[in-house]
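*Asks:* Just to be clear, the model below is a prediction. Sequence and coordinates:
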Amino acid sequence: MRHLLPSLILVALMAMLMLRGYVHSEILADHRVQPEAVTDKVPQKILDGGPVIDTRDGRTTSLDVKDHDLVLTFDDGPDPTWTPKVLDVLKAHHAHAVFFVTGTNASRYPELIRRMVREGHEVGLHTFNHPDLSYQSQKRIDWELSQSQLALAGAAGIRTSLFRPPYSSFADAMDNKSWPVTQYIGTRGYITVVNNTDSEDWQKPGVDEIIRRATPKGGKGAIVLMHDSGGDRHQTVQALDRFLPQLQGQGYVFENLTEALGAPSAHTPVTGTDLWKGEAWIFLVSASDEITDGLVVALAVIGVLVFTRFGLMLVLSAVHARRVRRRDFRWGAAPVTEPVSVLVPAYNEAKCIENTVRSLMASEHPVEVLVIDDGSSDGTALIVEGLDLPNVRVVRQHNAGKPAALNRGLANARYELIVMMDGDTVFEPATVRELVQPFADPAVGAVAGNAKVGNRDSLIGAWQHIEYVMGFNLDRRMYDMLRCMPTIPGAVGAFRRSALERVGGMSDDTLAEDTDITMAMHRDGWRVVYAERARAWTEAPESVQQLWSQRYRWSYGTMQAIWKHRRALIERGPSGRFGRVGLPLVSLFMVLAPLLAPLIDVFLLYGVVFGPTQRTIGAWLGVLTVQAICAAYAFRLDRERMTHLISLPLQQILYRQLMYVVLLQSWITALTGGRLRWQKLRRTGVVEAPGSIPRQRARSGDDRRPVG
């Protein structure tokens with residue numbers, strides 16, 4: 001289910017966009033117009049005949065309406081604004097008309113088709129999305145006709161035998177390009193209707209001019225061309241309101257075409273399977289429009305959230321950096337010099353643990369190191385004991401998970417200040433000292449350090465490096481200023497022992513024990529801060545499979561933690577403040593916004609393929625520029641080399657999509673009641689700390705898996 005649902009959601013979303021694009025003439029639309037051609041292959045009686053052309057069953061017949069009969073025809077509708085106004089005027093003056101509708105508009109506004117039929121008007125086809133049929137194959141013509149009939153069937157339960165070609169005018173304008181189309185239309189059972197009186201209302205020449213052009217000479221009958229769609233039609237409506245009573249006073253009758261010709265109605269009821277297909281089509285079009293409109297609103301919301309987050313990060317990070325980097329800045333009256341207990345939970349960390357422990361032994365701050373071996377089967381504990389280092393102890397336990405290992409270490413720790421780190425992480429000599437200085441402020445209960453990617457030489461490592469510097473550490477500066485830090489990284493964090501004991505220690509209720517304990521600290525009234533100089537170098541996943549496993553656990557664990565602490569929303573005091581400030585921000589920026597962010601890429605792909613391509617690419621480049629500015633600022637704050645940002649565009653195209661799918665799967669796991677077990681990542685032990693900045697040790701053998 002976790003794999004099937006994301007695939008189905010993606011397919012459904014793309015299908016809705018494609019359907020909407022087709023109905024809105026963004027896909028498969030052809031706007032070419034054939035220039036005039038010679039007329040030598042058109043029968044003279046057609047050129048000299050009336051505006052109704054019947055080529056059914058091999059006939060070549062043209063018809064006209066009798067004197068004082070006027071057939072008003074309206075093209076290109078229905079339109080949600082102007083068609084109802086036209087219908088109101090016709091109803092007020094007891095007149096009928098013929099509406100030549102496009103299938104696209106009939107599909108989108110079926111209620112107007114139903115009203116036309118209900119009020120006695122006739123409906124004809126004007127193709128589905130208005131192409132010049134002289135450019136089209138017979139297969140495309142059949143498609144245009146059948147899709148339009150499907151829309152009529154779904155909208156009003158009818159089909160029609162009337163057809164008007166797009167870009168047509170008088171019968172004498174028929175040429176060698178359009179005549180074969182008219183002949184073929186007849187073989188499909190349609191009567192072709194052009195006009196012999198053109199109001200030219202589309203030019204908006206003024207109400208008086210429209211009336212003049214629409215009035216036939218000498219009391220003759222006519223088929224009058226007007227439009228109820230395609231732009232502002234207020235002049236058409238005003239002219240119609242004067243035109244109808246004026247000509248009715250002269251003895252003219254406004255009838256449907258079949259009424260004027262004395263023929264049976266052009267409408268035929270549709271029943272059975274054809275009716276069901278039409279109704280299903282109208283439902284799907286309506287659903288695609290409504291859902292897509294909703295997605296556009298969601299996209300706008302996401303855009304606002306994203307840019308708000310960028311703005312907050314830039315402003316608050318600058319304020320944070322300025323505050324903590326002032327020469328006179330102090331966390332308290334005196335620096336923290338008391339010894340610290342460093343807890344290192346380890347499960348099968350044989351390749352990493354020596355680097356980790358030796359980096360701690362180089363610490364500039366007095367430490368005791370407790371390596372809690374959580375039932376390792378690779379000799380992790382023996383490696384640590386074999387180092388025979390002072391102030392390093394090994395605590396063994398049966399495999400019980402990371403939270404249990406940390407609690408076991410806490411029970412064996414000697415000191416009040418507790419530093420926690422992962423077994424695949426190395427510290428710089430100054431890391432512990434910098435990490436515990438905020439405890440000079442008695443209100444501080446926990447400190448988040450600056451986690452960095454140590455193995456950044458691969459492309460996937462470089463992408464994670466950008467994410468750590470920009471997405472995590474810049475965020476932490478912002479959350480520090482807002483006093484709602486969501487997560488103390490497991491790779492580098494510090495706690496007051498008394499604060500941990502007050503909240504019950506590390507919990508195994510979630511898969512993100514670091515997020516869980518951080519939220520518990522906030523709810524207990526402790527301040528959680530960020531120490532930018534407390535740098536730790538961790539080994540990031542080196543394959544897509546490992547990265548997927550890690551982020552899947554993080555995403556799902558974060559959701560679990562949010563749900564676990566949901567009561568903070570209604571509580572008072574520090575818990576209520578975090579619940580009404582921290583939880584909404586974390587939910588918006590870490591769960592909801594990333595979940596909806598793929599819409600940006602879906603619409604981007606749609607815009608690039610189907611247009612407007614230039615504006616779409618420009619918008620994407622604009623967003624990328626803003627992200628690059630934020631990333632460059634984050635790198636500057638962390639004093640990182642800018643060269644790694646070369647891969648930022650590719651990260652946005654590939655890496656971000658993977659994170660979207662991971663988050664979506666986490667949502668599905670949560671909604672379907674699934675349970676995710678702890679997943680141990682395969683380590684290579686490539687990160688070392690020989691000096692002030694860890695190096696990356698060369699790999700050997702098959703330690704490294706290919707990216708992907």
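*Replies:* Ah, there it is. Residues are numbered from 1 along each chain as shown.

*Asks:* got any ranges where the stretch 551-700 of the chain has weak pLDDT?
*Replies:* Residue ranges of the stretch 551-700 of the chain with pLDDT under 70: 597-598, 611, 670-700.

*Asks:* That one: helices as residue ranges?
*Replies:* 573-577, 583-586, 593-596, 598-610, 613-637, 648-650, 656-671 (DSSP state H, counting those that start in this stretch).

*Asks:* any chance of those helices in a markdown table, plus mean neighbour count and distance to residue 118?
*Replies:* All C-beta spots, glycine's among them, are computed from the backbone N, C-alpha and C. Compiled in a markdown table, the helices of the stretch 551-700 of the chain are given as follows (neighbours: other CB atoms under 10 Å; distance: least, CB to CB, whole Å):
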| stretch | mean neighbour count | distance to residue 118 |
| --- | --- | --- |
| helix 573-577 | 16 | 58 |
| helix 583-586 | 19 | 49 |
| helix 593-596 | 18 | 41 |
| helix 598-610 | 17 | 36 |
| helix 613-637 | 15 | 41 |
| helix 648-650 | 15 | 56 |
| helix 656-671 | 18 | 44 |
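
*Asks:* Would you format those helices as a markdown table with distance to residue 146 included?
*Replies:* Listed next are the helices of the stretch 551-700 of the chain as a markdown table, based on distance: least, CB to CB, whole Å:
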| stretch | distance to residue 146 |
| --- | --- |
| helix 573-577 | 62 |
| helix 583-586 | 51 |
| helix 593-596 | 37 |
| helix 598-610 | 23 |
| helix 613-637 | 30 |
| helix 648-650 | 44 |
| helix 656-671 | 37 |
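
*Asks:* Out of the ones you listed, which gets nearest to residue 87?
*Replies:* helix 598-610 (33.0 Å; CB to CB).

*Asks:* With just CA atoms, put that closest one into PDB.
*Replies:* C-alpha atoms of helix 598-610 as PDB (Å, rounded to 0.1, in the frame of the first residue of the first chain):
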ATOM      1  CA  PRO A 598       5.700  18.600  -5.200                       C
ATOM      2  CA  LEU A 599       2.800  20.500  -6.800                       C
ATOM      3  CA  ILE A 600       5.400  23.100  -7.700                       C
ATOM      4  CA  ASP A 601       7.300  20.500  -9.700                       C
ATOM      5  CA  VAL A 602       4.200  19.000 -11.300                       C
ATOM      6  CA  PHE A 603       3.000  22.400 -12.500                       C
ATOM      7  CA  LEU A 604       6.500  23.200 -13.600                       C
ATOM      8  CA  LEU A 605       6.700  20.100 -15.700                       C
ATOM      9  CA  TYR A 606       3.300  20.800 -17.100                       C
ATOM     10  CA  GLY A 607       4.200  24.400 -17.900                       C
ATOM     11  CA  VAL A 608       7.500  23.500 -19.600                       C
ATOM     12  CA  VAL A 609       5.800  20.900 -21.800                       C
ATOM     13  CA  PHE A 610       2.500  22.600 -22.600                       C
END
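
*Asks:* for that helix, packing partners?
*Replies:* In terms of contacts (3 or more CB pairs under 8 Å, 6 or more residues apart in numbering; DSSP states H and E), helix 598-610 is packed against helix 4-23, helix 272-324, helix 613-637, helix 656-671.

*Asks:* Indicate which one of those helices is closest to residue 217.
*Replies:* Residue 217 lies closest, by CB to CB, to one member of these: helix 4-23, at 41.1 Å.

*Asks:* Which of the helices and strands packed on helix 598-610 sits closest to residue 197?
*Replies:* helix 4-23 (31.9 Å).

*Asks:* Can you give the contact residues for that closest one?
*Replies:* Here helix 4-23 makes contact (CB atoms under 8 Å, 6 or more residues apart in numbering) with 26-28, 104, 107-108, 129, 284-285, 287-289, 291-292, 295, 602-603, 606, 610, 661, 664-665, 668.

*Asks:* most centrally placed residue in this structure?
*Replies:* By CA atoms, centre = their mean, the chain has its centre lying nearest to residue 599, at 1.0 Å.

*Asks:* That one touches residue 302, doesn't it?
*Replies:* Yes - under the criterion of CB atoms under 8 Å, residue 599 makes contact with residue 302 at 6.6 Å.

*Asks:* contacting residues around the nearest residue to residue 400 once chain neighbours are set aside?
*Replies:* Sequence neighbours aside, residue 374 is the residue nearest to residue 400 in space, at 6.5 Å (criterion: CB to CB, 6 or more residues apart in numbering). Contact analysis of residue 374 by CB under 8 Å, 6+ apart lists 345-347, 397, 399-402, 404-405.

*Asks:* Show only the entries of these found in strands.
*Replies:* Among the contacts of residue 374, DSSP state E puts 345-346, 397 in strands.

*Asks:* Export stretch 175-189 to CSV, keeping only CA atoms.
*Replies:* Extracted C-alpha coordinates of stretch 175-189, given in CSV (Å, rounded to 0.1, in the frame of the first residue of the first chain):
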residue,chain,number,x,y,z
ASP,A,175,-13.1,26.9,-51.2
ASN,A,176,-11.2,23.9,-52.2
LYS,A,177,-9.8,23.4,-48.7
SER,A,178,-13.1,23.7,-46.7
TRP,A,179,-15.4,22.0,-49.2
PRO,A,180,-14.0,18.5,-48.7
VAL,A,181,-14.4,19.0,-45.0
THR,A,182,-18.1,19.9,-45.5
GLN,A,183,-18.6,16.9,-47.7
TYR,A,184,-17.0,14.6,-45.0
ILE,A,185,-19.1,16.2,-42.3
GLY,A,186,-22.2,15.3,-44.2
THR,A,187,-21.2,11.6,-44.4
ARG,A,188,-21.1,11.7,-40.5
GLY,A,189,-24.8,12.8,-40.5
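
*Asks:* quick one: contacts for residue 163?
*Replies:* Each residue near residue 163 by CB under 8 Å, 6+ apart is listed here: 100, 124-126, 145, 185, 190-193.

*Asks:* one more time with 6 Å, if that's ok
*Replies:* Contact partners of residue 163, counting by CB atoms under 6 Å, 6 or more residues apart in numbering, are 125, 185, 190, 192.

*Asks:* Could you check how far residue 551 is from residue 522?
*Replies:* Distance, residue 551 to residue 522, by CB to CB, to the nearest Å: 24 Å.

*Asks:* One more: residue 478?
*Replies:* In this view, residue 478 and residue 522 are 15 Å apart by CB to CB.
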